[in-house]
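Colleague: quick one: sequence and predicted model below, then my questions.
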Amino acid sequence: MIERWFTRALAHAVLMLGAAVMLAPFIWMILTSIRPADEVFGAVFKLIPGRFAAAENYSRAFFEGNLLRAMVNGAIVCLGILAVQLLTAIPAAYALAKLRFRGQGLLFGLVLFGLCVPIQVPALPIYLGLAQAGLLNSYFALMVPFFLTVFGMFLFRQFFRTYPDEVLDAARLDGMSEFEIVWRLATPAALPAIAAFSVFSVVAHWNDLYWPLIVVTSSELATPPLGILAFRDTESGGNYGALMAGAALVTAPLVVAFLLARRAFVRGITMTGVR
Amino acid sequence: MSSARARAQARAGSAFALPAFALIIALLLAPLAALLALSVTDYRLGAVVVRWIGLDHYAALFSEEVFQRSLRNTFLYVAFVLPGAVFGGLGVALLIHARTRSRTFYEIAYFLPVTATLVAMATVWQFMLHPSLGPVSRLLAWLGFGQVDLLNDPSLALGTLALIGLWQVIGFNMVLFLAGLSAIPRDLYEAAALDGARSAVDRFMRVTWPMLGPTTMFVMVTSTITAFKVFDTVVVLTRGGPLGSTETLLYVLYLEGFQYFRTGYAAAMTVVLLAFLVLLSILQAKVIDRKVHYA
């Protein structure tokens, strides 16, 4: 009995210690974002701020930096990418899973090959192409490499394969075209997979640094990570309160979404793990 | 199925696959072909004359110090992150799996770093590690380590980035291990108990560890790929310094291709990178195959 209690207490102690390390940056970020500058640099260290400076720090991050713009850009880019991904990947995946057509094996082979090619590989030629066409520094440049999602095609194909053929045949007998079947039958049935994929896609592109860093130089088009980097460099004098407020603002949408829809969120992010 | 229906399906299939084919050609195959072609030329962005130089770039890769160092640093980084990512993730999952009421809290706490924007959190880490203002430095000083500047010490910077990488990836692996744990049938433990597996260690060695084998392999490969692609924290925190001690493959590739515009050279580097990643992915596919057999 006592031994049982002891192991449980030990497990909690270890987990709490780990959780403290995991959460420390978040807590520090929030605490600093409501701390006035003189206390950040103060000789005496206080965990809880003596005076709350949340309003000035957050409004500075929101309006003086470029973060508001960057977050709007992030939303535009993420939604644009997701829309094209779903529009192209769903029909292709349905065709791969349920139809017979020429080039089917080839397409699936290319999808499997594409799964092991990250953005850093085609980045250089795509960049050159965009530069040639004078399209750098545009929303299009930010989005275009991700219009292709072999992962989405693979995932939706796996999902559609489990869809019963009898239902499809019945729909065909009723006179539904394949086009109607995809969008009115298969897509609603695939909503859980679509939700998980959407989480995966939005998280990846909201947080992406590599590609935006390459194609965007104008601050008008900065995505959230670029916005934070630029804000840090302009605040190099060391207004840590505002910088931490900015970090909190950029991190907040995904963290809040995670807390609100935990199961769907975890499923989306770890999809790479269970595919 | 009537042949008219089969023809209609074939037409629909081709039509549905057409955009996908177009995207694959434009964004995957054509860039790959261009990459191979560029890698055997001396092309630099904006150059008018392009010369064929054969495999010179590839040969240069194996003698150039910066690339060699970035290769070393990247492998070192992977070696730092991997054990903690696998065994840390497994350990946390084992401890959390046994909890009931507190499970949700721990899951959220450990998964939070996975969801957060790494660039933003890296600026937080930079502040946390600030030599005079940061709480970590104060803690280290209080513990008697003296004044340490983790990100500006050539012998410590890469390890510090690895710890931040570990901080981000451990929750992801925990979730994978938790899924693996809940897939283990209960009666296996009962059978093991009948066979005389009394202690928790016995049960772990006889049931949990073998049953988690495929998950563990999978976690190892994905963690390796993730660590291999370290980039964000390098850009935000060290820019390859101090003294090149945190120059990693992707960071050097980014510099060569998009800052110095040595396009042909960067293309050759990308081909080598792709070779590594394809190798890892084949390994990953093998692992997934194995996983299917167990499931």
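Modeller: In hand now; what should we look at? Residues are numbered from 1 along each chain as shown, chains lettered A, B, ... in the order given.

Colleague: okay, CA-based contacts and neighbour counts for the rest of this
Modeller: Will do.

Colleague: interface residues of the stretch 1-150 of chain A facing chain B?
Modeller: Neighbours of chain B within the stretch 1-150 of chain A, by C-alpha under 8 Å from any C-alpha of the partner chain: A:11, A:15, A:19, A:22-23, A:25, A:28-29, A:40-41, A:88-89, A:91-92, A:95-96, A:99-102, A:107, A:110, A:114, A:116-117, A:120-126, A:128, A:145, A:147-148.

Colleague: repeat the analysis, applying 7 Å as the threshold.
Modeller: With the criterion set to C-alpha under 7 Å from any C-alpha of the partner chain, the stretch 1-150 of chain A comes near chain B through A:11, A:19, A:22-23, A:25, A:29, A:41, A:88-89, A:91-92, A:95, A:99-101, A:116-117, A:121-122, A:124-126, A:145, A:148.

Colleague: inside helices: which ones of those residues?
Modeller: A:11, A:19, A:22-23, A:25, A:29, A:88-89, A:91-92, A:95, A:124-126 (DSSP state H).

Colleague: report how many residues lie close to the residue lying closest to A:V182 once chain neighbours are set aside.
Modeller: Spatial nearest neighbour of A:V182, excluding adjacent residues (C-alpha to C-alpha, 6 or more residues apart in numbering or on different chains): A:P91 at 6.4 Å. Using other C-alpha atoms under 10 Å in any protein chain shown, A:P91 has 29 neighbouring residues.

Colleague: from A:A230, how far out is A:P91?
Modeller: 40 Å (C-alpha to C-alpha, to the nearest Å).

Colleague: one more: B:G196?
Modeller: 62 Å.

Colleague: more neighbours: which of these two?
Modeller: Neighbours were counted for B:G196 and for A:A230 using other C-alpha under 10 Å; A:A230 has more, 17 against 11.

Colleague: re earlier: Throw the ones in helices among the residues of the stretch 1-150 of chain A next to chain B into JSON lines and include pLDDT, thanks.
Modeller: As requested, those are exported to JSON lines (pLDDT from 0 to 100):
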{"residue": "A:A11", "pLDDT": "89"}
{"residue": "A:A19", "pLDDT": "95"}
{"residue": "A:M22", "pLDDT": "95"}
{"residue": "A:L23", "pLDDT": "95"}
{"residue": "A:P25", "pLDDT": "95"}
{"residue": "A:M29", "pLDDT": "93"}
{"residue": "A:T88", "pLDDT": "96"}
{"residue": "A:A89", "pLDDT": "96"}
{"residue": "A:P91", "pLDDT": "96"}
{"residue": "A:A92", "pLDDT": "96"}
{"residue": "A:A95", "pLDDT": "95"}
{"residue": "A:L124", "pLDDT": "94"}
{"residue": "A:P125", "pLDDT": "95"}
{"residue": "A:I126", "pLDDT": "96"}
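
Colleague: ok, so of the residues you listed, who is nearest A:Y163?
Modeller: Nearest to A:Y163 among these, counting by C-alpha to C-alpha, is A:A95 at 12.7 Å.

Colleague: so that closest one touches B:F16, yeah?
Modeller: Yes: taking C-alpha atoms under 7 Å as the definition, A:A95 is a contact partner of B:F16 at 6.3 Å.

Colleague: which parts of chain B are strands?
Modeller: Counting by DSSP state E, chain B forms no strands at all.

Colleague: tell me how it divides into domains.
Modeller: B:1-38, B:55-294 (automatic domain parsing).

Colleague: and B:A37, how many neighbours?
Modeller: B:A37 has 16 neighbouring residues, counting by other C-alpha under 10 Å.

Colleague: actually A:T217, sorry about that
Modeller: For A:T217, the count of nearby residues is 14 (other C-alpha under 10 Å).

Colleague: gap between the residue nearest to it when sequence neighbours are not counted and A:M143?
Modeller: In this structure, A:T217 finds its nearest non-sequential neighbour in A:N137, 6.5 Å apart by C-alpha to C-alpha, 6+ apart. Distance, A:N137 to A:M143, by C-alpha to C-alpha: 11 Å.

Colleague: next one: B:T100
Modeller: Separation of B:T100 from A:M143 (C-alpha to C-alpha) stands at 43 Å.

Colleague: what does A:L112 give?
Modeller: A:L112 is 22 Å from A:M143, by C-alpha to C-alpha.

Colleague: give me phi/psi at B:G134?
Modeller: When quoted as degrees, to the nearest 10, the phi and psi of B:G134 stand at phi -80, psi 140.

Colleague: list the contacts for it?
Modeller: Neighbouring residues of B:G134 by C-alpha atoms under 7 Å, 6 or more residues apart in numbering or on different chains: B:127-128.

Colleague: ok, now with 10 Å
Modeller: A:28, A:40, B:124-128 (C-alpha atoms under 10 Å, 6 or more residues apart in numbering or on different chains).

Colleague: go on, B:A37?
Modeller: Residues near B:A37 by C-alpha under 10 Å, 6+ apart: B:31, B:43, B:52, B:54, B:264, B:267-268.

Colleague: on that earlier part again, make TSV from the domains of chain B and add distance to A:V77 to it.
Modeller: As requested, the domains of chain B are arranged in TSV below (distance: least, C-alpha to C-alpha, whole Å):
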stretch	distance to A:V77
domain B:1-38	18
domain B:55-294	16
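
Colleague: is it possible to get JSON lines of the ones you listed that adds mean pLDDT and distance to A:M71?
Modeller: Shown next, in JSON lines, are those (pLDDT from 0 to 100; distance: least, C-alpha to C-alpha, whole Å):
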{"stretch": "domain B:1-38", "mean pLDDT": "90", "distance to A:M71": "26"}
{"stretch": "domain B:55-294", "mean pLDDT": "89", "distance to A:M71": "12"}
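
Colleague: of all those, which one is nearest A:D165?
Modeller: Across the domains of chain B, A:D165 has its closest neighbour in domain B:1-38 (12.6 Å, C-alpha to C-alpha).

Colleague: give me the number of residues near the residue in the stretch 101-250 of chain A that chain B sits nearest to?
Modeller: Here the stretch 101-250 of chain A gets closest to chain B at one residue, A:F101, 4.4 Å apart by C-alpha to the nearest C-alpha. By other C-alpha under 10 Å, 20 other residues sit near A:F101.
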